[in-house]
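Engineer: next input, structure requested:
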Amino acid sequence: MDNDVVDHQTVNLLMEDGCTVSFTMSAFNAVQDRNIHVMGTKGDIYGNLKDNELTVRVYGQEPYTIDLTTMCDDFTGHGGGDSRMLYDVVRFLRGDDFDSSAITTIERSAQSHYVAFAAEQSRVMGGKVVELSEFVPEAAN
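Structural biologist: Modelled structure (predicted):
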């Protein structure tokens with residue numbers, strides 16, 4: 001086939017403050033779901049879209065679970081993100097009153113795209129380290 005879209009990938013990011021982020025994607029799983037695991041200095045958070053819950057573990061304390069179904073009743077399309085995003089865009093365009101913290105600036109949205117472009121360039125170059133600044137247009141610096 002002529003489809004050259006990546007089917008599995010691990011992207012490691014070194015942030016300006018020295019922390020690291022690792023993102024792993026694999027298209028080959030028996031169960032189609034998305035997982036998140038955020039590990040920090042005070043604990044970690046784990047969740048997956050299949051269960052619609054997050055488990056918070058603060059070191060030295062009992063873990064607790066947040067039931068995401070108490071916050072939303074529609075989890076279709078990327079765990080409910082697609083419909084919520086469109087809902088917010090329509091409200092924004094109408095000038096309706098809503099929680100504007102859900103809307104991001106074009107500059108912030110572009111940053112995630114620059115990271116994806118850099119990750120793809122690294123993949124194409126056999127895993128070579130790529131500086132994000134190589135993908136950010138001069139006007140955005």
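Engineer: where do the strands of the chain begin and end?
Structural biologist: 8-14, 20-26, 35-39, 43-48, 53-58, 64-67 (DSSP state E).
Engineer: who does the helix ranked longest in the chain touch, helix- and strand-wise?
Structural biologist: Within the chain, and with DSSP state H defining each element, the longest helix by residue count is helix 106-124. With contacts taken as 3 or more CB pairs under 8 Å, 6 or more residues apart in numbering; DSSP states H and E, helix 106-124 sits against strand 8-14. C-beta: built from backbone N, CA, C; applies to glycine.
Engineer: what about the closest residue to residue 67 other than its chain neighbours, distance to residue 29?
Structural biologist: What sits nearest to residue 67 in space, not counting adjacent residues and going by CB to CB, 6 or more residues apart in numbering, is residue 53, at 5.3 Å. Taking CB to CB, to the nearest Å as the measure, residue 53 falls 19 Å from residue 29.
Engineer: so where's the protein uncertain?
Structural biologist: 1, 100, 102, 138-141 (pLDDT under 70).
Engineer: re earlier: for the residue nearest to residue 67, list each beta-bridge partner.
Structural biologist: Residue 53 forms beta bridges with residue 48, residue 67, as assigned by DSSP bridges.
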